[in-house]
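K.L.:
Show me how the following folds:
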Amino acid sequence: MNKLIIFFSFSFILSCNNLYKPVYVITPEQRISLQRNYKINGLYSHIPEFAKESTHGSASSLPIDTLNCDYINQSLYAIIIGNKKDYLQDFKKTVDSGIVYKTVYFNSDNFIIDIRELKNKLFHINKCNKFRKNKMPIPYFEGYDFGLGEKKTLEKQLEGEPRPRYRTIYNVPKDLKVYVIDAKAGNFWTFDCKENRPKALKQWQHGYSKGVAISDKDDKVVFWVMIW
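P.N.:
This is a model prediction of the structure:
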């Protein structure tokens, strides 16, 4: 099977006493699969085990079995968004454990990774996937729904396809503060597929980044992991 990617949204199941049944943010099987296929341990360690009611997000999910070069783009991400008040203790615990880099998101000098476009190159975002000296990579947050509405929808018609492809760009909190807790350049998969990456990434053509981001104004918190 070639180029399999699984997207999911978090769902919540009401129990008979009207309390939300705990739902894993990252399942134990997904954590084990990452440990089996990636040489860096603990990349999910800062992500809360169970989702609160306000949680939503998106992720590319690892297959349970061992990966191979057919896996799409040799990349993985998890962007978990919730209300700040629900995750404030988790956020504080993460930041207190140590950060290696911090920035505000709306800074023209940020090193932003659009992980969905590392290989597809369908919807090029000018500020993304370009190496920035002395900066740590952070996600392209406009690619994920913060519950603040849509900014615009991009459209592209590919030759030979009956319908155009679309990508939604979402509004991001204007005061979003970003904290990287770990990031390193290099290919740490347990297999080597020699994937092509934009040369503008320089030494960061492969790597990983994990961290948190927070908005006081819009009461949002983000936990993220990116591997590419």
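
K.L.:
low-confidence ranges in this protein?
P.N.:
Counting by pLDDT under 70, the chain contains low-confidence ranges at 1-21, 60-74, 193.

K.L.:
90 - rerun?
P.N.:
Filtered on pLDDT under 90, the chain yields the residue ranges 1-38, 52-78, 116-122, 124, 154, 156, 158-161, 187, 189-197, 228.

K.L.:
Tell me how far the longest helix seen in the chain lies from the chain's centre.
P.N.:
Ranked by residue count and defined by DSSP state H, the top helix of the chain is helix 84-96. In terms of CA atoms, centre = their mean, to the nearest Å, the centre of helix 84-96 is found 18 Å from the chain centre.

K.L.:
Partner strands of the helix or strand following that helix and their direction?
P.N.:
Heading C-terminal from helix 84-96, the first helix or strand you meet, by DSSP states H and E, is strand 101-104. Next to strand 101-104 in the sheet, as set by DSSP bridges, lie strand 177-185 (antiparallel).

K.L.:
what angle do the first helix or strand past the strand it pairs with going along the chain and helix 84-96 make?
P.N.:
Proceeding N to C from strand 177-185, the next assigned helix or strand is strand 207-215, under DSSP H and E. In terms of direction (axes from the mean of the first three to the mean of the last three CA atoms, to 10 degrees), strand 207-215 departs from helix 84-96 by 130 degrees.

K.L.:
quick one on the thing from earlier: go through the longest helix of the chain and flag the buried ones.
P.N.:
Neighbour-count burial for helix 84-96, counted by 16 or more other CB atoms under 10 Å, picks out Lys84, Asp86, Tyr87, Asp90, Phe91, Thr94, Val95. Every residue, glycine included, has its C-beta placed from N, CA and C.

K.L.:
Likewise for stretch 122-141?
P.N.:
Phe123, Ile125, Cys128, Asn129, Phe131, Lys135, Met136, Pro137, Ile138, Pro139, Tyr140, Phe141.

K.L.:
how distant is it from the center of its chain?
P.N.:
In this view, stretch 122-141 has its centroid 13 Å away from the chain centroid, taken as CA atoms, centre = their mean.

K.L.:
Can you show me the strands along this protein?
P.N.:
Counting by DSSP state E, the chain has strands at residues 56-59, 76-83, 101-104, 111-113, 137-139, 150-156, 165-170, 177-185, 207-215, 220-227.

K.L.:
between these, which one is nearest to Ile32?
P.N.:
Among the strands of the chain, strand 76-83 comes nearest to Ile32, with 14.0 Å by CB to CB.

K.L.:
Which neighbouring elements make contact with the closest one?
P.N.:
Strand 76-83 sits against strand 56-59, strand 220-227, with contacts defined as 3 or more CB pairs under 8 Å, 6 or more residues apart in numbering; DSSP states H and E.

K.L.:
ok, now how distant is the spatially closest residue to Lys202 that is not a sequence neighbour from Gly207?
P.N.:
Counting by CB to CB, 6 or more residues apart in numbering, the nearest residue to Lys202 once its immediate chain neighbours are dropped is Phe131, at 4.2 Å. The span separating Phe131 from Gly207 equals 11 Å under the rule CB to CB, to the nearest Å.

K.L.:
for Phe106, same thing?
P.N.:
According to CB to CB, Phe106 and Gly207 sit 23 Å apart.

K.L.:
Which one's more surrounded, the two?
P.N.:
Taking other CB atoms under 10 Å, Phe106 and Gly207 do not tie; Gly207 has more neighbours (21 against 12).
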